[in-house]
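1. Sequence first, predicted coordinates after that:
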Amino acid sequence: MATTRTHLVIVERTEHRAYLAGWATAATALGYAAASVRTDRWRIRRFLEWCERRGAGRVEAVTSADLEAYREHVRGVPSLRDGGPVSEFTVYRLLRVVQLLFDYLLQSGVVAADPFAGFAMNRPARRARRNILTRAEVTALYGACERLAERALLALTYGCGLRVGELERLNTREVRLTDGLLVVERGKYDKRRVIPLSAGVKRDLLAYAVRRRGSEPAFLRHARGGRLRRHTVQKWLTGLAERAGVEKQVTVHVLRHTIASHLLAEGMAVEEVRTFLGHALLATTQRYVQVDAELIDKIVGK
């Protein structure tokens with residue numbers, strides 16, 4: 001049986017309430033959906049209340065030791081869903097939202113030092129690292145394309161770094177070929193971002209667009225003219241990999257990881273790659289830096 005929140009989360013300090021309001025305004029301006037802002041706002045209020053009652057008292061004084069104490073506090077609070085212990089992923093997610101708050105406070109000049117700089121987030125273990133393709137393997141995939149739709153698929157997954165859900169939701173009006181832009185209206189956390197199209201990507205998308213048939217608003221369509229769904233996307237990518245002789249698993253997310261690593265290998269700044277991929281936190285993009293050094297020889301070649 002689901003439980004209800006055990007108390008009303010009350011933030012008493014005026015400055016804390018102002019920071020919370022400012023963060024919500026900034027998150028909305030960045031394109032976060034209203035529902036996501038409401039949820040994360042409650043999570044931040046929960047942290048600020050703890051800070052006032054049991055922690056440093058003022059968020060400006062929070063240290064990495066305070067963050068560790070908050071992590072232990074969160075672990076000891078019963079789950080709001082079933083009353084049992086919370087998962088490590090829930091603990092991580094609550095701390096990640098606090099990290100978003102400190103990103104805002106740092107950018108606003110409220111705090112000068114980031115307490116997360118010396119703090120181990122302890123992200124829960126993920127599945128084994130996905131493969132990242134070499135440039136030669138990406139070239140082989142393009143060479144194996146037999147239809148314009150397959151090249152368009154690679155242009156959107158590798159060339160634009162779209163997630164599978166973003167690819168599935170993409171509509172024709174969001175691919176602005178005249179302007180050389182692709183608009184992701186609803187990315188992760190419902191964030192909106194704009195991706196500039198390279199000359200090659202624009203060429204492939206235009207070649208597909210002018211030959212496409214049907215009235216379906218979706219940009220990518222299957223043979224019968226309907227919206228291309230993720231299972232069909234994967235079927236196409238698997239077929240491409242087989243024809244190209246690529247033995248690694250090829251998925252939308254593998255191609256997204258691949259373009260991120262390739263861009264970093266070419267010298268693009270981490271912050272620019274973050275914007276391109278639509279990551280909320282710089283730390284998410286920085287994970288690619290760790291694999292860049294070990295893959296650069298395979299990616300660029302001797």
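-> That came through fine. Residues are numbered from 1 along each chain as shown.
2. can you map out the helices along this protein?
-> Along the chain, the stretches classed as helices by DSSP state H are 14-29, 34-53, 64-76, 88-108, 135-143, 148-157, 164-169, 199-211, 230-244, 252-265, 270-277, 282-300.
3. buried set for the second one?
-> When neighbours are counted by 16 or more other CB atoms under 10 Å, the buried residues of helix 34-53 are found to be 36-37, 40-41, 43-52. Quick note: C-beta positions are derived from backbone N, CA and C, even for glycine.
4. in the protein, which segments are predicted with low confidence?
-> 1-9, 80-84, 125-130, 186-191, 214, 268-302 (pLDDT under 70).
5. that older thread, nearest to T238, out of the buried residues of helix 34-53: which one, please.
-> Closest approach between these and T238, by CB to CB: S36, at 32.8 Å.
6. What distance do you get for that closest one to R213?
-> Distance of S36 to R213, computed by CB to CB, to the nearest Å: 37 Å.
7. One more: T232?
-> Noted for T232: a distance of 17 Å to R213, by CB to CB.
8. between these two, which one's more packed in?
-> T232 (17 against 7; other CB atoms under 10 Å).
9. Against E137, how distant is the more buried one?
-> 22 Å.
10. what do you get for T258?
-> For T258, the distance to E137 - CB to CB - is 8 Å.
11. the more surrounded of those two?
-> T258 (25 against 20).
12. where's that one relative to V11, distance?
-> To V11, T258 is 43 Å away according to CB to CB.
13. again with L141
-> L141 sits 52 Å away from V11, going by CB to CB.
14. do the same with R53
-> Noted for R53: a distance of 10 Å to V11, by CB to CB.
15. What of V74?
-> Distance of V74 to V11, computed by CB to CB: 17 Å.
16. With H257 instead?
-> Counting by CB to CB, the separation of H257 from V11 is 39 Å.
17. Equivalent analysis for L162, please.
-> For L162 relative to V11 (CB to CB), the value is 38 Å.
18. Show me which of the two is the more surrounded one.
-> Legend: neighbour count by other CB under 10 Å for L162 and V11, higher for L162 (26 against 18).
19. hang on, the more buried one packs against V252?
-> Yes: the criterion here is CB atoms under 8 Å, and L162 meets it with V252 at 7.2 Å.
20. How about the contacts made by L182?
-> Listed by CB atoms under 8 Å, 6 or more residues apart in numbering, the contact set of L182 reads L156, C160, L170, E174, V175, R176, V194, I195, L197.
21. Write a PyMOL command that selects only the buried members of the residues you listed.
-> Buried members of the contacts of L182, defined by 16+ other CB under 10 Å, are picked up in PyMOL with:
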select buried, resi 156+160+170+174+175+195+197
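22. and which of the contacts of L182 is nearest E60?
-> Using CB to CB, V194 is the member of these that sits closest to E60, with 34.5 Å.
23. Verify the contact between that closest one and L181 for me.
-> Yes: contact criterion CB under 8 Å: V194 and L181 qualify, at 5.6 Å.
24. quick one on the thing from earlier: using a markdown table, lay out the helices of the chain together with distance to H222.
-> As requested, the helices of the chain are exported to a markdown table (distance: least, CB to CB, whole Å):
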| stretch | distance to H222 |
| --- | --- |
| helix 14-29 | 36 |
| helix 34-53 | 31 |
| helix 64-76 | 45 |
| helix 88-108 | 35 |
| helix 135-143 | 19 |
| helix 148-157 | 8 |
| helix 164-169 | 12 |
| helix 199-211 | 13 |
| helix 230-244 | 6 |
| helix 252-265 | 16 |
| helix 270-277 | 27 |
| helix 282-300 | 32 |
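25. For E185, find the nearest of these.
-> Closest approach to E185 among the helices of the chain is made by helix 164-169 (7.5 Å; CB to CB).
26. can you list the residues that contact the closest one?
-> Applying CB under 8 Å, 6+ apart, the external contacts of helix 164-169 come out as 156-157, 184-188, 220, 227-230, 233, 251-253.
27. Buried residues in stretch 218-231, which are they?
-> Per 16+ other CB under 10 Å, stretch 218-231 contains these buried residues: A218, F219, L220, R221, H222, R227, L228.
28. Ok, stretch 192-207 next?
-> By neighbour count on 16+ other CB under 10 Å, the buried set for stretch 192-207 is R193, I195, L197, V201, K202, D204, L205, L206.
29. how near is the fourth one to G161?
-> In this structure, V201 lies at 11 Å from G161, with CB to CB as the measure.
30. can you check the second one too?
-> Using CB to CB, one gets 7 Å for the distance from I195 to G161.
31. repeat for A149
-> Going from A149 to G161 by CB to CB gives 19 Å.
32. try L237
-> Distance from L237 to G161, by CB to CB: 15 Å.
33. Fine by me, we can end here.
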